[in-house]
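Asks: show me how the following folds:
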Amino acid sequence: MGAPPSSQAGPSLQEASRSSTIHENLMNANHASSPSLEPQSATVQAVPSPATPAPPLVVDLDGTLIKTDLVIESICRLLRQEPLTLFALPVWLLKGRAHLKREIAQRVELDPTLLPYRTALLEYLCAERDKGRSIILATASDERFARPIADHLKLFDMVLASDGITNLSGEHKRARLVGEFGEKGFDYAGNESCDLAIWPSAKKGIVVNPNPRLRQAVAKVTQIEGVFEEDGVRLREYLNALRPQQWIKNILVFVPIFAAHVFTEPVLWARIFVTFMAFCCCASSGYLINDLCDLSADRHHPKKRLRPFASGRLPLAYALVMAPVLAVFGLFLGWLLSGLLMGILLLYLTLTAAYSLRLKKVVLLDVFMLASFYTLRIIGGGVAAAIWLSVWLLAFSMFLFISLAFLKRYSELMIMRNVDGDHAAARGYELSDAELLAAKGTASGYAAVLVLSLYIASGAVKALYSTHQAMWLMCPLLLYWIGYLWLVAHRGQMHHDPLIFAVRNRTSRILILLMLAVVLIAM
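Replies: Predicted coordinates:
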């Protein structure tokens, strides 16, 4: 990057190697585990260096320097901390966007070391800084967010941001920059259409991740100094954000028709399939809300940091739009079958939202919440098929799902132990709680086996199974399966949700198939 890039045709600027200066700007010693995002390509063109000193380079923050929107992030974090502030947001907004941002910034702290920066742009800014060029951060985000970011990067000579009175965006930002540096007295780096109000007053422009229309619009009002582009987001990534791999949990809605041995009726299959789709929609809505609430925690996690919203690959606005759309469609599917099923789906959505916003931090209660999500799927399947669920099935499900919920929390602690050592924590649990979680989880799993054995010994099993004695083989197989899952988690090798792991792991699949074979033989 020896010379300032230009929009004129010329050789592609190669991606700069990470220097020690850039590394210091990206992460400090106290946050060495900050997410290292996938490499980004910067396509810029070079022209000879001008004889006169380069003008100050003004850089936007949201969407330009970082691949996220601090307003949306801070609102999500605020609602998680104080859910009732949802009703205060419209009141604050009536007093102006700057006032809204200031009210939020006074209540929320964001960790600048965990934000998804555009590393290629940072490398370019550092190179320009090393040449003696002034670098200015100008953002519509509140000053209380902008200054910690500037302090962390140690790159900017000046920080201009919203101050609670003026929302430094569009024309307000242009007027401020012209007042500071004069007309055509600065270069400007931005990424969206609202920056078109600023580029005409800039000497040159840098466009970050633009669409073709924006790039053409910028070229009409100023000379383009450089373009930083990344690979476009594919449709598959938008679909993956809905976590379709988690839909396998919704197979639980089919349990009632198999437990009642009425799985030969096509009408019931159709109703259960609609119920399955309704829970898929509601579950994806809940996952989107959860991802918005967990951005900081996910970025600190060795694997979750690569999720589409935590890494900045997908815009947060996508989650804000899709979450309510999926929720409404899921409720509509439930309403088509029965009002009671729609009520169960509404309860499921309410509990998942409460879980994402607050309850996941309440130790032990979060485990019971996770178990209730599984159980509600079985209840929903029973309602859709008009099957009265037995107390045996509900009791067995309760203990088994509580065991799996404890297993999920335990495995998260084991993963974070590899990241934070003896100071590891996950969802309100500390590393010292691991033994207690394991004890409660295994006890719940064995309680599920006990309920199963009591059911087999009762007279109820004889009415459904012609060879009910074969059902006794279920007990040792289930004991083995539960013990195996906990052994894998204890070794720190369970990196997925327990149910997802159970389906993907070879040993677990064999055990599940053997248990299904036992049930078929008993019939």
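Asks: what about the strands in the stretch 201-350 of the chain?
Replies: Secondary structure of the stretch 201-350 of the chain (DSSP state E, counting those that start in this stretch): strands at 204-208, 223-228.
Asks: tell me which helix or strand in this structure has the weakest average pLDDT.
Replies: helix 20-26 (a mean of 39; mean pLDDT, DSSP states H and E).
Asks: so what touches the next helix or strand after that helix?
Replies: Downstream of helix 20-26, the next assigned helix or strand under DSSP states H and E is strand 57-59. Where contact means Cβ atoms under 8 Å, 6 or more residues apart in numbering, the residues beyond strand 57-59 that reach it are 65, 121, 125, 128, 133-138, 156, 177, 181, 186-189, 202, 206. Just so you know, the C-beta spots here come from the backbone N, C-alpha and C atoms, and that holds for glycine as well.
Asks: helix or strand: which one has residue 404?
Replies: Here residue 404 is assigned to helix 391-420, by DSSP H and E.
Asks: average pLDDT across the following helix or strand past that helix?
Replies: The first helix or strand that comes after helix 391-420 along the chain, using DSSP H and E, is strand 425-426. Mean per-residue pLDDT for strand 425-426: 72.
Asks: note down every partner strand of strand 425-426 and its orientation.
Replies: Using DSSP bridges, the strands paired with strand 425-426 are strand 429-430 (antiparallel).
Asks: gap between the partner strand and the chain center?
Replies: 21 Å (Cα atoms, centre = their mean, to the nearest Å).
Asks: and the next helix or strand past that strand?
Replies: Defined by DSSP H and E, the subsequent element after strand 429-430 is helix 434-457.
Asks: nearest residue to residue 329 in space, ignoring adjacent ones along the chain?
Replies: Using Cβ to Cβ, 6 or more residues apart in numbering and skipping the chain neighbours, the partner closest in space to residue 329 is residue 281 (5.1 Å).
Asks: contacting residues for the one you found?
Replies: 326, 327, 329, 330, 333.
Asks: residue 214 is in contact with residue 205, isn't it?
Replies: No. Applying Cβ atoms under 8 Å as the test, residue 214 and residue 205 come out as separate, 10.6 Å apart.
Asks: between those two, who's got more neighbours?
Replies: Shown here are residue 214 and residue 205; by other Cβ atoms under 10 Å, residue 205 has more neighbours (25 against 18).
Asks: would you check that the more buried one makes contact with residue 215?
Replies: No. Contact criterion Cβ under 8 Å: residue 205 and residue 215 do not qualify, at 9.9 Å.
Asks: if we can go back for a sec, angle of the helix holding residue 404 against helix 434-457?
Replies: 160 degrees (axes from the mean of the first three to the mean of the last three Cα atoms, to 10 degrees).
Asks: which neighbouring elements make contact with helix 391-420?
Replies: Packing partners of helix 391-420 (3 or more Cβ pairs under 8 Å, 6 or more residues apart in numbering; DSSP states H and E): helix 255-259, helix 365-384, strand 425-426, strand 429-430, helix 434-457, helix 474-490, helix 498-504.
Asks: would JSON lines of the ones you listed with distance to residue 87 and mean neighbour count be doable?
Replies: Shown next, in JSON lines, are the helices and strands packed on helix 391-420 (distance: least, Cβ to Cβ, whole Å; neighbours: other Cβ atoms under 10 Å):
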{"stretch": "helix 255-259", "distance to residue 87": "39", "mean neighbour count": "19"}
{"stretch": "helix 365-384", "distance to residue 87": "24", "mean neighbour count": "22"}
{"stretch": "strand 425-426", "distance to residue 87": "31", "mean neighbour count": "19"}
{"stretch": "strand 429-430", "distance to residue 87": "31", "mean neighbour count": "18"}
{"stretch": "helix 434-457", "distance to residue 87": "36", "mean neighbour count": "18"}
{"stretch": "helix 474-490", "distance to residue 87": "41", "mean neighbour count": "18"}
{"stretch": "helix 498-504", "distance to residue 87": "36", "mean neighbour count": "18"}
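Asks: residue 227 is nearest to which of these?
Replies: Shortest distance between residue 227 and those, using Cβ to Cβ, is found for helix 498-504: 40.1 Å.
Asks: redo the helices and strands packed on helix 391-420 as a markdown table? Include distance to residue 345.
Replies: Shown next, in a markdown table, are the helices and strands packed on helix 391-420 (distance: least, Cβ to Cβ, whole Å):
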| stretch | distance to residue 345 |
| --- | --- |
| helix 255-259 | 16 |
| helix 365-384 | 7 |
| strand 425-426 | 29 |
| strand 429-430 | 30 |
| helix 434-457 | 26 |
| helix 474-490 | 29 |
| helix 498-504 | 20 |
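Asks: what's the closest of the ones you listed to residue 85?
Replies: helix 365-384 (22.0 Å).
Asks: let me see the mean pLDDT of that closest one.
Replies: 93.
Asks: so which elements touch that helix?
Replies: Against helix 365-384 (3+ Cβ pairs under 8 Å, 6+ apart) you get helix 255-259, helix 266-293, helix 339-357, helix 391-420.
Asks: mind putting these into JSON lines with mean pLDDT?
Replies: Shown next, in JSON lines, are these (pLDDT from 0 to 100):
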{"stretch": "helix 255-259", "mean pLDDT": "89"}
{"stretch": "helix 266-293", "mean pLDDT": "94"}
{"stretch": "helix 339-357", "mean pLDDT": "93"}
{"stretch": "helix 391-420", "mean pLDDT": "88"}
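Asks: pull out the buried positions in whatever helix or strand residue 149 lives in.
Replies: When elements are assigned from DSSP H and E, residue 149 belongs to helix 143-153. Buried residues in helix 143-153, counted by 16 or more other Cβ atoms under 10 Å: 143, 144, 145, 146, 149, 150, 152, 153.
Asks: gap between stretch 186-205 and the chain center?
Replies: 31 Å.
Asks: again, but for stretch 153-170
Replies: 28 Å.
Asks: touching, residue 233 and residue 309? I think so.
Replies: No. Judged on Cβ under 8 Å, residue 233 makes no contact with residue 309 at a distance of 11.7 Å.
Asks: in terms of neighbours, single out the busier of those two.
Replies: residue 309 (24 against 14).
Asks: leaving out sequence neighbours, find the closest residue to that one.
Replies: residue 291 (4.8 Å).
Asks: count of neighbours near the one you found?
Replies: 23.
Asks: hmm, back to that, how about the helices and strands packed on helix 391-420, which one is nearest residue 161?
Replies: Nearest of those (Cβ to Cβ): strand 425-426, 32.4 Å.
Asks: from residue 450, how far out is the residue nearest the centre of the chain?
Replies: Central residue of the chain (Cα atoms, centre = their mean): residue 291, 2.8 Å from the mean position. Separation of residue 291 from residue 450 (Cβ to Cβ, to the nearest Å): 37 Å.
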